[in-house]
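> Requesting a structural model of the entry that follows:
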Amino acid sequence: MGLKFHVPEPTELRNLWDIWNIRGTILFSLLLQIVLIFISPFRKSTRDKKLVLVIWFAYLVADAAANYAVGLISNSQRSQSKNDHGPNPPESSDLLAFWAPFLLVHLGGPDTITAFALEDNQLWLRHLLSLGVQAVAVGYVFVQSLPNEKLLIPTVLMFLAGIIKYLERTRALYLASLDVFRDSMLKDPDPGPNYAKLMEEYAFKKDAKLPTQINMTPEPDKEVKASDIPPKEGKLSHLEVVHYAYKYFKLFRGLIVDLIFSFRERDESRDFFNRRTAEDAFRVIEVELNFIYGTLYTKVEVVHSIVGYIFRFIAFGAALATLGIFYFLDKKGLRNKYGIQGVEIGITYTLLLGAIALDIISFLTLIFSDRTFATVDDPGRRYCSCRPMAPIFSGFLALRKPQWLPCKCAIKKNIPVEHYVLATPLLFRRWSGSISSHNLIRYCLNSHSKNIHEFPSLCKIIVHMLGIDVVSKKFCGCTGGRCLSNTCGTKAIGFPKSIKKGVSQCCSFVFGNIKACMSSTCGPKATSFLRSVKNKVSQCGSYMYKKMPGKDFVDEMMYVSSEPFTRELWEFIFDELRKKSEFADTPQTAERISTARGDWVLTDTATDRDRSGLLKYVSDVTYDESLLLWHIATDLCYYNEKEESELNEKEKKELEKSLSYQQFSKILSDYMLYLLVFQPTMMSAVAGIGKIRFRDTCAEAERFFQRRSLHSNEDRKACKEILSVNTEVEPVTVKGDRSKSVLFHASMLAKELNRMETDAGEEKWKLLSRVWVELVSYAASHCRASAHAQEVSKGGELITFFWLLMAHFGLGEQFQINEGHARAKLLVGK
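Alright, predicted model coming up:
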């Protein structure tokens, strides 16, 4: 006998929908709240597109599901009140009225996300209107259920909790909207000294022929006051990092809305960061960016206040009281006396326990938040108001501090240069800890991406956190959790290695036979035919791909790779900006440094080398053209270096000195191209026609590579082919200026760099890396501040660290208040 499948009839499906439409929608709404409260905090610490897509879907659908459920309940109540002959839901009117306030709680959302994007905060007025509409709808459902004898009090309590939750979210959106955020930081209007009165008195005395002069006495700065946390020498403790980060967040949060600051604030900040190590400065800025995230995208500003605490406890108390009352009613025979089904009782308990569980999670999030830690005194201080809790908080913060793991270069593995990559576990991470990269030559050749450093495996991270790597280093000299890969672990992993070797030999045998078969008598014809088919398909596919909507999104998924962030790179960036801050004593010098895009480095008076041949590639071209020129030139120089096998001992030692600078230049070069091509909103202030130049340059590069028969993964050969082209005549002279391609202009720049290294002994890679720091700094200080604020919710960007560090060092145009008011006095001579 064959299996028989029952296909439900439309009537059965309709009956099933009538029974479960309200139940299912409410439970689905609760599920979305659970997803949001657990997963949404990770969007600031990862760039995983799949995870972000889940959060985006849950955020958008959560409100729609709750609104739809309220509509279903309201419609059901109206149908029951009219005694229609149509199908009525199995739930009683009282129970439906009791379920409706839970949807208000869901519309209030979890504490961990109020806005998905910065623009959502501008819609606070829409949410306020929605609150009124939904409150009226729930009130209508409640009125329709009267007289509600059994569930009146629980319904009122949950309605109170729902209103509080929804008000919290609406107020959080209101406070985070940029206009309100700016207004909240504005000080009282300052008319200055009474100029009109002074001049009237001056004119009167002059008319009276009295010898009068105006004496100016500088007024002491009214804002000068003792700092809440005095500057400290040496390494910062975990709680001190949060304290200082919160202090400078409150001081510099006006950057987000382009406010200006006084030089007193600049001097205070610069003095603090000049006393810090690069790692401590990184930790402070990391936490500071988390405060920005919490203020703009969560309920932190609403909850962390006396009023917020009171309303939160009222809402939680209402939910607990509702659970107790409902449990008491259930024990008194709610099912038998009023005919409520067991499924409905189960769903009600699920909603109650879900609401309470979400509140408990919110309490834990509140307690272990950076905002709470900022109010706790450091246990190392003499006077500590929260001494019992401080060690617990300090221990938790120790888990969240940046974890650095040693990692050798993934490309030049035999060069003994070890870098430390950021390897904080996802659960404790404050930002993604990675740098996106895009490469023009790799893109045009359709090559596979190659990371300079490898991301540490989860096993290595766990080994490091447990301290096993310290033990292995002490007893067998292995570091970074690599014990199993050294001599002491050979026997332990000999069996897996043998399997790997056997599989490799088997694959070589199979593919070797296939290759031999293709090279036999019938092979050439078959190969020629397959290649022609491939070329036709490739040409057709390439044309369709270029015309395809959403091409940039697909390109980003296919060609953008991630590079781990290294401690050495940050130390180099920090030192470069700190050196520049020493010159930024006047507003003019600070502005000149922040607007330099390579020319400050190239005109460095500390060297007597002639760099005039490079200046035209920064000062005579627009920023977007300069960025593309230096990106391609960096690649041409990078792949023009000798392979490891070609180096002698002397060259290997020289490479050890320059390898770090090579990698810094390569990482920053690929990162800036990624921003130019795939972050147009962030780079809009400096991008110009960068996208057009990029497309034209790609078109010329693809044509050149096709003529030279270059294929995928031949990046090194492609760079050497570009450098082999004679560029004695300027490309613009031959081609004109219609095409904006800069391919061979970049080749001229690369040749000039190589010539300076050969003839003048210029440290090419150190110079290149310093130029790239300046190019990133220029973009960071000229991008719109709101773009930086937007990125903290998307995993964070390195350029945002530049932006904030430059502000703390006083590099920028934000510092414009030089002195306080002057006191003018009229002096009358005898």
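
> alpha carbons only for contacts and neighbour counts from here, please
OK.

> from the chain's centre, how far out does stretch 757-777 sit?
29 Å (CA atoms, centre = their mean, to the nearest Å).

> cool, and stretch 42-59?
11 Å.

> tell me which residues of it are tucked away?
For stretch 42-59, the neighbour count (16 or more other CA atoms under 10 Å) marks 42-47, 52, 55-56, 58-59 as buried.

> Residues in contact with the helix or strand containing His788: which ones?
For His788, the host element (DSSP states H and E) is helix 785-791. Here helix 785-791 makes contact (CA atoms under 8 Å, 6 or more residues apart in numbering) with 117-118, 255-258, 292-293, 681-682, 797, 800.

> Buried subset of those residues, written for ChimeraX?
Entered in ChimeraX, the line below selects the buried ones among those, by 16+ other CA under 10 Å:
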select :117,118,255,256,257,292,293,682,797,800
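
> Same list (the contacts of helix 785-791) but as CSV, adding pLDDT.
Formatted as CSV, the contacts of helix 785-791 follow (pLDDT from 0 to 100):
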residue, pLDDT
Ala117, 92
Leu118, 92
Leu255, 91
Ile256, 92
Val257, 90
Asp258, 85
Ile292, 95
Tyr293, 95
Thr681, 87
Met682, 89
Glu797, 93
Thr800, 95
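
> quick check: longest helix of this protein.
helix 49-81 (DSSP state H).

> now for that one, which elements pack on it?
Under the contact definition 3 or more CA pairs under 8 Å, 6 or more residues apart in numbering; DSSP states H and E, helix 49-81 sits against helix 10-39, helix 93-108, helix 124-145.

> would JSON lines of these with mean neighbour count be doable?
Shown next, in JSON lines, are these (neighbours: other CA atoms under 10 Å):
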{"stretch": "helix 10-39", "mean neighbour count": "17"}
{"stretch": "helix 93-108", "mean neighbour count": "25"}
{"stretch": "helix 124-145", "mean neighbour count": "18"}
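
> need the strands for this structure, in chain order.
Here the chain has its strands, by DSSP state E, at 212-218, 261-262, 404-408, 418-422, 434-437, 561-564, 815-817, 822-828.

> Would you tell me which one of the ones you listed is buried the most?
Among the strands of the chain, ranked by average contacts under mean count of other CA atoms under 10 Å, first place goes to strand 434-437 (a mean of 22).

> So which of the helices and strands packed on helix 49-81 is nearest Leu629?
helix 10-39 (41.0 Å; CA to CA).

> picking that back up, what's the closest of the helices and strands packed on helix 49-81 to Ser712?
Closest among these, using CA to CA: helix 10-39, at 38.4 Å.

> Quick one: mean pLDDT over the closest one.
The average pLDDT within helix 10-39 is 84.

> just checking, what packs against it?
Helix 10-39 packs on helix 49-81, helix 93-108, helix 342-367, going by 3+ CA pairs under 8 Å, 6+ apart.

> Ile689 versus the closest residue in space to Ser658 that isn't next to it in sequence, what's the distance?
In this structure, Ser658 finds its nearest non-sequential neighbour in Trp765, 6.4 Å apart by CA to CA, 6 or more residues apart in numbering. Distance, Trp765 to Ile689, by CA to CA, to the nearest Å: 28 Å.

> Which one of those two is surrounded by more residues?
Neighbour count, other CA atoms under 10 Å: between Trp765 and Ile689, Trp765 has more, with 24 against 15.

> So for Cys409, which of the helices and strands packed on helix 49-81 sits nearest?
Per CA to CA, nearest to Cys409 of the helices and strands packed on helix 49-81: helix 10-39, 33.2 Å.

> Output the below-cut-off pLDDT ranges for the stretch 1-150 of the chain.
Residue ranges of the stretch 1-150 of the chain with pLDDT under 70: 1-10, 12, 15-18, 77-92, 148.

> repeat that with 50
1, 85-87 (pLDDT under 50).

> cool, the chain as well?
Short version for the chain, where the test is pLDDT under 50: 1, 85-87, 222-228, 382-383, 475-476, 479-504, 506-527, 529-531, 533-535, 537-538.

> Is it possible to get JSON lines of the strands of the chain that adds distance to Tyr671?
Shown next, in JSON lines, are those (distance: least, CA to CA, whole Å):
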{"stretch": "strand 212-218", "distance to Tyr671": "48"}
{"stretch": "strand 261-262", "distance to Tyr671": "30"}
{"stretch": "strand 404-408", "distance to Tyr671": "20"}
{"stretch": "strand 418-422", "distance to Tyr671": "17"}
{"stretch": "strand 434-437", "distance to Tyr671": "4"}
{"stretch": "strand 561-564", "distance to Tyr671": "9"}
{"stretch": "strand 815-817", "distance to Tyr671": "29"}
{"stretch": "strand 822-828", "distance to Tyr671": "48"}
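
> Gly132 and Ala590: what is the separation?
50 Å.

> re the thing from before, could you tell me the angle between the longest helix of the chain and helix 93-108?
Orientation of helix 49-81 against helix 93-108 (axes from the mean of the first three to the mean of the last three CA atoms, to 10 degrees) gives an angle of 150 degrees.

> thinking again about what came up before, nearest to Ser434, out of the helices and strands packed on helix 49-81?
The nearest among the helices and strands packed on helix 49-81, by CA to CA, is helix 10-39 at 19.5 Å.

> between the closest one and helix 93-108, what angle do the directions make?
Going by the same axes, to 10 degrees, helix 10-39 makes 40 degrees with helix 93-108.

> could you give the angle of helix 10-39 to helix 342-367?
Using the same axes, to 10 degrees: helix 10-39 against helix 342-367 is 20 degrees.

> Off-centre distance for helix 10-39?
33 Å.

> got the end-to-end distance for stretch 174-192?
32 Å.

> Mind listing what's buried along it?
So for stretch 174-192, counting by 16+ other CA under 10 Å, buried means 174-178, 181-182.

> Quick one: residues in contact with that stretch.
Contacts for stretch 174-192 (CA under 8 Å, 6+ apart): 118, 121-122, 124-125, 254, 257, 259, 295-297, 301, 821.

> tell me which of these is nearest to Glu625?
Of the contacts of stretch 174-192, the one sitting nearest to Glu625 (CA to CA) turns out to be Val257, at 29.0 Å.

> Could you measure from the spatially closest residue to the closest one that is not a sequence neighbour over to Arg126?
Sequence neighbours aside, Arg182 is the residue nearest to Val257 in space, at 5.9 Å (criterion: CA to CA, 6+ apart). Arg182 sits 20 Å away from Arg126, going by CA to CA.

> Make CSV out of the helices and strands packed on helix 49-81 and add distance to Leu673.
Listed next are the helices and strands packed on helix 49-81 as CSV, based on distance: least, CA to CA, whole Å:
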stretch, distance to Leu673
helix 10-39, 30
helix 93-108, 40
helix 124-145, 36
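
> mind listing what Phe801 touches?
285-286.
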